[in-house]
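**Student:** Requesting a structural model of the entry that follows:
(4 chains)
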Protein chains: 4
Amino acid sequence: MHIAMMGLGRMGMNMARRLLRGGHTVTVWNRSADKVRQMVQEGAQGADSPEAMVRMLPQPRIVWCMLPAGDVTRQTLETLAGLLSPGDMVIEGANSYWRDDAPQAAMLAERGIGYVDAGVSGGIWGLEEGYCTMVGGDAAHVALAAPALDTLAPADGWRHVGPVGAGHFVKMVHNGIEYALMESYGEGFQLLREGPFPGLDLHAVAALWNRGSVVRSWLLELLEAALQKDPQLDSIQGYVEDSGAGRWTVLETVHHGVAAPVLAQALYRRFASRQDNAFSNRVLAALRNEFGGHAVKRS
Amino acid sequence: MHIAMMGLGRMGMNMARRLLRGGHTVTVWNRSADKVRQMVQEGAQGADSPEAMVRMLPQPRIVWCMLPAGDVTRQTLETLAGLLSPGDMVIEGANSYWRDDAPQAAMLAERGIGYVDAGVSGGIWGLEEGYCTMVGGDAAHVALAAPALDTLAPADGWRHVGPVGAGHFVKMVHNGIEYALMESYGEGFQLLREGPFPGLDLHAVAALWNRGSVVRSWLLELLEAALQKDPQLDSIQGYVEDSGAGRWTVLETVHHGVAAPVLAQALYRRFASRQDNAFSNRVLAALRNEFGGHAVKRS
Amino acid sequence: MHIAMMGLGRMGMNMARRLLRGGHTVTVWNRSADKVRQMVQEGAQGADSPEAMVRMLPQPRIVWCMLPAGDVTRQTLETLAGLLSPGDMVIEGANSYWRDDAPQAAMLAERGIGYVDAGVSGGIWGLEEGYCTMVGGDAAHVALAAPALDTLAPADGWRHVGPVGAGHFVKMVHNGIEYALMESYGEGFQLLREGPFPGLDLHAVAALWNRGSVVRSWLLELLEAALQKDPQLDSIQGYVEDSGAGRWTVLETVHHGVAAPVLAQALYRRFASRQDNAFSNRVLAALRNEFGGHAVKRS
Amino acid sequence: MHIAMMGLGRMGMNMARRLLRGGHTVTVWNRSADKVRQMVQEGAQGADSPEAMVRMLPQPRIVWCMLPAGDVTRQTLETLAGLLSPGDMVIEGANSYWRDDAPQAAMLAERGIGYVDAGVSGGIWGLEEGYCTMVGGDAAHVALAAPALDTLAPADGWRHVGPVGAGHFVKMVHNGIEYALMESYGEGFQLLREGPFPGLDLHAVAALWNRGSVVRSWLLELLEAALQKDPQLDSIQGYVEDSGAGRWTVLETVHHGVAAPVLAQALYRRFASRQDNAFSNRVLAALRNEFGGHAVKRS
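**Tutor:** So this is what the prediction gives:
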């Protein structure tokens, strides 16, 4: 099929490549033109504006948005609403908040433009291994996107999970689980390292566990790779960002009354990893000093 | 090699089978004789007592203990101490507390008997897929056990991780992580089920995530299988046992000052799953009634 | 001063009483008239409609809203917007979401009507002990409310903490902390009860700790009272409701990146207290069965 | 009564003073003699060795041990076992592990010496306000100690809670709760500080909440005092020690199968407060880099 890819970041550029390799015609647009030129060299059609991009597509036009979630995506969808025609369709593939999908889909539907939300997992490995993709929207719209999804995903690696928003919702929960899996390994490996057997070969343990143990997983394979390169992770600081999805997951557990202690702890540990001298800890130190006369570290 | 297997429970019996299939001679003993007869039919040598078992082994004798952890294992090791000779060796493969290994090894070492502790993962799948095995002990003792370990484990699936106790310690942390991974999926799938998109096909999501997503894992494959059989797990009660390893892991995090919120929560959720009407919750309900006049559910 | 009280629930009725005792003139309105009649017998002026209530007040009219948070409160404020005059003022004292205050204040400000949000703590004890009250709004509006606040609160027990919304925000955090304090005592007393010294006199411990220990508090005094009436809380079920404030607190910690493991756990325990057979626990039981052949409790 | 106080640290010295003020005769011993001299100036009898101390006491001799928990206390009790006579008694008042009490009591009982364990709360405020004291042991031994306990504690502020060990056990749970209460306030005040209303007067909120709110407590009074001295706790580092009791509490919850998420989190937050660049966080950062190509902070 002929499809447009808007946004050539870490994810979008590799997805365009995978589509090209799959035999599709891909028209690309990106805010900075150098990445467009790069993809033209690799076989894509380059557009220097959304308007030009839209003109280059056959009808019904299919546009995959892979831009930063939030304002940039929303403004781009508003631009597309003015450029596309009834029967055209947008696939919103960013790491977006699922609550944004319904209003965006409604805005486009007013002009007869279709909307599919796609939660895409796979990171930098997706180019070779394929992108696991969770898709929400009307069946007719998803059918239009299917040829691209077949190429982007590994075998059986995409699915229409529900109405508009469901794709991003399922992806959100995926990321919430991901945070908690990562934290599980993190805590366990810290205990291996700081427990009663100093000098355990952490890389060897990760490698071993990946061969037949109950805790084997893709994340553990990645940890095995990381520990091979840097056995004590000495070159890495324990400063951990969080994207929106981990936060949204915790918000949803609160909204829906789902007890989720592990999902929430995994998020809070990331917050704490970025905060030296947290105020809550200063409160504790101050209280210990007040009631017990315990020494306090002074700033 | 010729090896004895003491204990033909869920784990020991399949391990004996895998050793037989690997061409080893296996002498088996079990508390109840019917399982011994079963294994004799499958090609093992059957012993009707530990004494008989020891007599049937060539020197140096290698005995794999796969009995219930704790008292049964300890008493069996004391019995073996009186039956074995210098140069013989025991492999202690139960789900034992690593702190028990050093005194048990010392007790046997007084008589010149070797001791290797083996943490074995793989469950009922080990027969076909192999048992991932974490081994602690002296190098010379581990070398004696190597032919059996080569057969029991999948390729590269066993490793000598440290001195006596280290095998069980690494296995303990493995199980602690396992609890937390399981809880991560549990909370996430509950949110999928009770969130804003009722009727999500949970089995389909598990299957999808196993195809290329960041959270793919063996545990998720098992969950995919379970959800295929019972899409809402309606036939299963949310009553979750815990074995010792999850508890020991939390104890170690406390002893070694390792912050492990996710590992501990995963354990506490299991405790709570088995307790209706927890006293802590009754305290909360009573307090709400005291300060706010809030209605209380009476027993 | 002359003030109206809308809503004669558990909180509003006692607050009207305390205002009457303090020498104020209080005009009361309530959805069901019997409580109005009750308060008239106790010295209040009764109004049979918001319109009548407003007509009975001198200008500038001061109306205290003590209605259920959410829709009821919002609709009542919209009604008041059509009845009150420039210079009049509303004090919104319900357990409301602080994010609702700014739009409500703006809606009233369009008509020149003032708005103060008041977070009120004290429960059923407030009538005798006074209501600790956290107030948000413009200084001029708060000054109008001051005579009523002086009466309602204990000495130094109300304060203007910030702009519109700040009163309810501070009250929200108060309740979030309250949940965590309650959970702290709940867990501790469960350990006292189920630990190595069976038969500990829990009431005696609560009473003892209230006399000079570091953990003495008003909540512990309430627990002491509850345990005196029912030493094992046998008559109470461990089923714990949560109001909005505990949830909002956790949402805010996520929005503002504040690690709050204890606040969140306290909320999640309440969720779990109301859920038998949680799906997350069924996932765990199913997984244990899949990998280990562990027995499962069937429904 | 005439009583000996061994150990003149922060707690022991003030307890000796309170006993003196109560009209008791107090013989003091301390490892460093300057504190003995200080107390002699305040009216105590000074002993320059345990032997001298024992000789100065009338029979039955009552010795209060207020030394560092663990080895120092145990060794001192062994010394006393050689110095005291049948009918004498030791009160072990340190912040000791309750599991140590039974063997220590048994060791002394072999020589006819009584043993009472006393968990003492009150910190540096105890001198003026009294020490809340939880007492374990035989009734006859507790009766011997009663005159001192009556003086040390505030009114109704000591109690015989159970057999040997129960005093320290109840004190342990007290401290576990204390950690969680402190963490509750810490998290809440951090949210006040970093939430949507910058510049909230934290001291004013603490002061307000202490006047009639549900969360009022002695700890909150201490926080009010600390915030008055240093409104943002700028002079204090968020580095929080933990004594044994918080750890032992979590260990007991695991041993007894009591779900205690809040007690455990409060402990883990203290661990984390003392650890920069935690390995678990480095694992997370490494994994994010592996799967997503996310930038990592390099050391």
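
**Student:** List the contacts of the nearest residue in space to residue A:209 that is not next to it in sequence.
**Tutor:** Once flanking residues are discounted, residue A:209 sits nearest to residue A:215: 5.4 Å by Cβ to Cβ, 6 or more residues apart in numbering or on different chains. C-beta: built from backbone N, CA, C; applies to glycine. Contact analysis of residue A:215 by Cβ atoms under 8 Å, 6 or more residues apart in numbering or on different chains lists A:185, A:209, B:121, B:174, B:177-178, B:181, B:217-219.

**Student:** ok, now with 10 Å
**Tutor:** A:181, A:184-185, A:188, A:206, A:209, B:121, B:132, B:173-182, B:217-219 (Cβ atoms under 10 Å, 6 or more residues apart in numbering or on different chains).

**Student:** where's it, which helix or strand?
**Tutor:** Using DSSP states H and E, residue A:215 is not contained in any helix or strand.

**Student:** The helix or strand where residue A:90 lies: partners in the sheet, and parallel or antiparallel?
**Tutor:** Element membership for residue A:90 (DSSP H and E) is strand A:89-92. Here strand A:89-92 has these sheet partners by DSSP bridges: strand A:62-65 (parallel), strand A:114-121 (parallel).

**Student:** So which of the contacts of residue A:215 are in strands?
**Tutor:** B:121, B:132 (DSSP state E).

**Student:** Could you show which parts of the stretch 151-299 of chain A are in contact with chain C?
**Tutor:** By the rule Cβ under 10 Å from any Cβ of the partner chain, the part of the stretch 151-299 of chain A lying against chain C is A:214, A:242, A:246-251, A:253-265, A:267-275, A:278-281, A:287, A:291-292.

**Student:** Is it possible to mark the buried ones in those residues?
**Tutor:** The neighbour count (16 or more other Cβ atoms under 10 Å in any protein chain shown) marks A:214, A:242, A:246-251, A:253-254, A:257-265, A:267-275, A:278-281, A:287, A:291-292 as buried among those.

**Student:** Now, these that are in helices?
**Tutor:** A:246-251, A:253-254, A:261-265, A:267-273, A:279-281, A:287, A:291-292 (DSSP state H).

**Student:** contacts with chain B among those, please.
**Tutor:** Answer for these near chain B (Cβ under 10 Å from any Cβ): A:249-250, A:253, A:261-265, A:268-269, A:272.

**Student:** quick one: which two of these are the most distant?
**Tutor:** Using Cβ to Cβ, those reach their maximum pairwise distance at A:253 and A:272, which is 19.1 Å.

**Student:** Give me the spatial nearest neighbour of the residue most central in space within chain A, chain neighbours excluded.
**Tutor:** By Cα atoms, centre = their mean, chain A has its centre lying nearest to residue A:95, at 5.0 Å. Nearest non-adjacent residue to residue A:95, counting by Cβ to Cβ, 6+ apart: residue A:69, 5.1 Å away.

**Student:** ditto for residue A:77
**Tutor:** Here the residue nearest residue A:77, using Cβ to Cβ, 6+ apart, is residue A:104, at 5.3 Å.

**Student:** neighbouring contacts of whatever helix or strand that neighbour lives in?
**Tutor:** Using DSSP H and E, residue A:104 falls within helix A:101-109. Here helix A:101-109 makes contact (Cβ under 10 Å, 6+ apart) with A:65, A:73-74, A:77-78, A:80-81, A:84, A:86, A:88-90, A:92, A:96, A:113-117, A:136-138, A:141, A:163-169.

**Student:** What mean pLDDT does that helix get?
**Tutor:** Averaged over helix A:101-109, pLDDT sits at 98.

**Student:** swap in stretch A:225-234?
**Tutor:** The average pLDDT for stretch A:225-234 rounds to 96.

**Student:** can it be found next to chain B?
**Tutor:** No - shown here: stretch A:225-234 not in contact with chain B (Cβ under 10 Å from any Cβ), separated by at least 13.7 Å.

**Student:** Can I get that stretch in PDB? Just the C-alpha atoms.
**Tutor:** Output of stretch A:225-234 as PDB, limited to C-alpha atoms (Å, rounded to 0.1, in the frame of the first residue of the first chain):
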ATOM      1  CA  ALA A 225      23.300  -8.000  27.400                       C
ATOM      2  CA  ALA A 226      23.700  -4.900  29.500                       C
ATOM      3  CA  LEU A 227      25.600  -6.800  32.200                       C
ATOM      4  CA  GLN A 228      27.900  -8.300  29.600                       C
ATOM      5  CA  LYS A 229      28.900  -4.900  28.500                       C
ATOM      6  CA  ASP A 230      29.200  -3.500  32.100                       C
ATOM      7  CA  PRO A 231      29.200  -6.200  34.800                       C
ATOM      8  CA  GLN A 232      28.400  -3.800  37.700                       C
ATOM      9  CA  LEU A 233      26.600  -1.100  35.600                       C
ATOM     10  CA  ASP A 234      29.300   1.200  36.800                       C
END
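
**Student:** Which residues belonging to it are considered buried?
**Tutor:** Those would be A:225-227, A:233, for stretch A:225-234 by 16+ other Cβ under 10 Å.

**Student:** how about that stretch, does it get close to chain D?
**Tutor:** Yes - Stretch A:225-234 is in contact with chain D by Cβ under 10 Å from any Cβ, via A:225-227, A:229-230, A:232-234.

**Student:** Show me the two of those that sit farthest apart.
**Tutor:** Greatest spatial distance among the residues of stretch A:225-234 next to chain D (Cβ to Cβ): A:225 and A:234, at 16.0 Å.

**Student:** quick one: pLDDT of residue A:124?
**Tutor:** So, for residue A:124, pLDDT stands at 85.

**Student:** now the nearest residue to it once chain neighbours are set aside: how far from chain B?
**Tutor:** Spatial nearest neighbour of residue A:124, excluding adjacent residues (Cβ to Cβ, 6+ apart): residue D:293 at 4.4 Å. For residue D:293, the distance to chain B (Cβ to the nearest Cβ, to the nearest Å) stands at 13 Å.

**Student:** closest point of the stretch 51-200 of chain A to chain D, which residue?
**Tutor:** Residue of the stretch 51-200 of chain A nearest chain D, by Cβ to the nearest Cβ: residue A:186 (3.4 Å).

**Student:** which residues sit in contact with that residue?
**Tutor:** A:223, A:238, A:240, A:266, A:269, A:273, B:177, B:180, B:260, B:262, D:278-287.
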